[in-house]
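> pasting a predicted model and its sequence here:
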Amino acid sequence: MPDNRLDTVPLLTIARAVEKLIAEHRPDTLFTHHCGDVNIDHRRIHEAVLAATRPQLGQLVRTLLFFEVASSTEWQTPGSAPVFAPNWFVDISATLDRKLRALDAYAAELRPWPHPRSRRGVEHLAHWRGATIGAEAAEAFVLGRQLS
């Protein structure tokens, strides 16, 4: 699909692609972008995931978690979209170094410090999210839905 132009693709087309992946991989939990991201592709994927995971009979996905993206989620202006207010945290203290090494594969998209999408910015965010729950590092999410 076209990068940074998902607003030109019908939502139904994107949702069907998500549905196909759900049928193929059969997840019970999905992670997707927070709806308040500045990036249009992130918002469209969020919408498509919601459409593809409607809580109806036979739905495999029981938990939806929305994540933040450095330099996209926090750049939304007040009142323009819902604020990212995390209510689900995962302690990543033991795996933060691994996460940062994996981020190196994304080097073409990284920016120099003090940009939030720098390696150092991502590390600081992990430490901040950890500090909010009494851990060395954490990932923060907004729980969108959890069905028991």
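Arrived safely, thanks for sending.

> now the helices for this protein?
For the chain, the helices defined by DSSP state H cover 11-25, 40-52, 96-103, 119-131.

> using JSON lines, lay out the ones you listed together with mean pLDDT.
Output for the helices of the chain, formatted as JSON lines (pLDDT from 0 to 100):
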{"stretch": "helix 11-25", "mean pLDDT": "98"}
{"stretch": "helix 40-52", "mean pLDDT": "98"}
{"stretch": "helix 96-103", "mean pLDDT": "97"}
{"stretch": "helix 119-131", "mean pLDDT": "98"}
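
> among these, which is the most enclosed?
Mean neighbour count (mean count of other CB atoms under 10 Å) peaks for helix 40-52 among the helices of the chain, with a mean of 19. C-beta here means a position set from N, CA and C on the backbone, and glycine is covered the same way.

> list of residues touching that one?
For helix 40-52, contacts defined as CB atoms under 8 Å, 6 or more residues apart in numbering pick out 3-7, 9, 11-12, 14-19, 22, 30, 32-35, 37, 64, 66, 69, 72, 144.

> report the contact partners of Pro116.
Pro116 touches 70-71, 74, 122, 125, counting by CB under 8 Å, 6+ apart.

> how about a cut-off of 10 Å?
With contact set as CB atoms under 10 Å, 6 or more residues apart in numbering, Pro116 has these partners: 69-75, 122, 124-125.

> okay, these in a markdown table with distance to Ala107 next?
Formatted as a markdown table, the contacts of Pro116 follow (distance: CB to CB, whole Å):
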| residue | distance to Ala107 |
| --- | --- |
| Val69 | 16 |
| Ala70 | 14 |
| Ser71 | 15 |
| Ser72 | 18 |
| Thr73 | 21 |
| Glu74 | 21 |
| Trp75 | 21 |
| Val122 | 12 |
| His124 | 18 |
| Leu125 | 18 |
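
> most surrounded residue in these?
Counting neighbours by other CB atoms under 10 Å, Thr73 comes out on top of these with 23 neighbours.

> using JSON lines, lay out the helices of the chain together with distance to Phe84.
Shown next, in JSON lines, are the helices of the chain (distance: least, CB to CB, whole Å):
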{"stretch": "helix 11-25", "distance to Phe84": "21"}
{"stretch": "helix 40-52", "distance to Phe84": "12"}
{"stretch": "helix 96-103", "distance to Phe84": "19"}
{"stretch": "helix 119-131", "distance to Phe84": "11"}
